[in-house]
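*Asks:* I'd like to go over a predicted model; first the sequence, then the structure.
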Amino acid sequence: MIFDRDSITNPERTFLVLRNMSGEVIPKGGAVVWATAQGTNPGADVTKSGSASGNPPGTIGLFVGIAFTAILDQAQGLIQPYGYCEEALVLDDTVTAIEHGDILVPVFEQWYLSRSAAGDGKSGKVHAGEAVVVNPVPAAALHKVYIG
């Protein structure tokens, strides 16, 4: 575990060195979850969230953090599980803008986060660090978030 010291110009944040077991490259800013498949090393391996109907159903509750840089398959890299993150992949929406402080959750089978609709019962440890405007063509882009 790596602790980035707190200062006025450098907000406190934490990093873990974990291994990518997804079968593909984790993009910079990608949201990762703990890898729970047979053959993975629990607590040391990460992947993308599973499908909504997988076994176990989905894995968005196993959210670990945000990839600090791109991480090749089977390689180790830095994952940020806590603190202010300047570059996380967030999907803009076609209907509802993301407001500063909105809860963001991993999206099934994707590397990005998306706004959790009010009243959907989801809670999360990631909050939008900036507003994201509505986009007629949704696309994941790097945005500021708080991971807590």
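*Replies:* The structure has been received and is ready for your questions. Numbers count the residues shown, from 1 in each chain.

*Asks:* now the spatially closest residue to Asn20 that is not a sequence neighbour. Its backbone dihedrals?
*Replies:* Distance criterion Cβ to Cβ, 6 or more residues apart in numbering; nearest residue to Asn20, sequence neighbours excluded, is Ile71 at 4.5 Å. The C-beta positions use only the backbone N, C-alpha and C, and glycine is treated the same way. Note on Ile71: backbone dihedrals following degrees, to the nearest 10 are phi -130, psi 120.

*Asks:* can you pull the pLDDT of Ile71?
*Replies:* Confidence at Ile71, expressed as pLDDT, is 98.

*Asks:* ok, now which ones touch it?
*Replies:* Applying Cβ atoms under 8 Å, 6 or more residues apart in numbering, we find Ile71 in contact with Asn20, Val25, Ile26, Gly77.

*Asks:* change it to 10 Å
*Replies:* For Ile71, the contacting residues are 18-20, 22, 25-28, 30, 32, 46, 77-79, by Cβ atoms under 10 Å, 6 or more residues apart in numbering.

*Asks:* also Tyr112?
*Replies:* 27, 29-31, 48-49, 88-92, 104, 106, 138-143.

*Asks:* if any of those residues are buried, put those into a PyMOL selection.
*Replies:* Listed next is the PyMOL selection for buried residues among those, using 16 or more other Cβ atoms under 10 Å:
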select buried, resi 27+29+30+31+48+49+88+89+90+91+92+104+106+140+142+143
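
*Asks:* can you give me the strands for this protein?
*Replies:* 2-4, 13-20, 31-34, 45-47, 63-67, 76-91, 103-106, 113-115, 126-128, 140-147 (DSSP state E).
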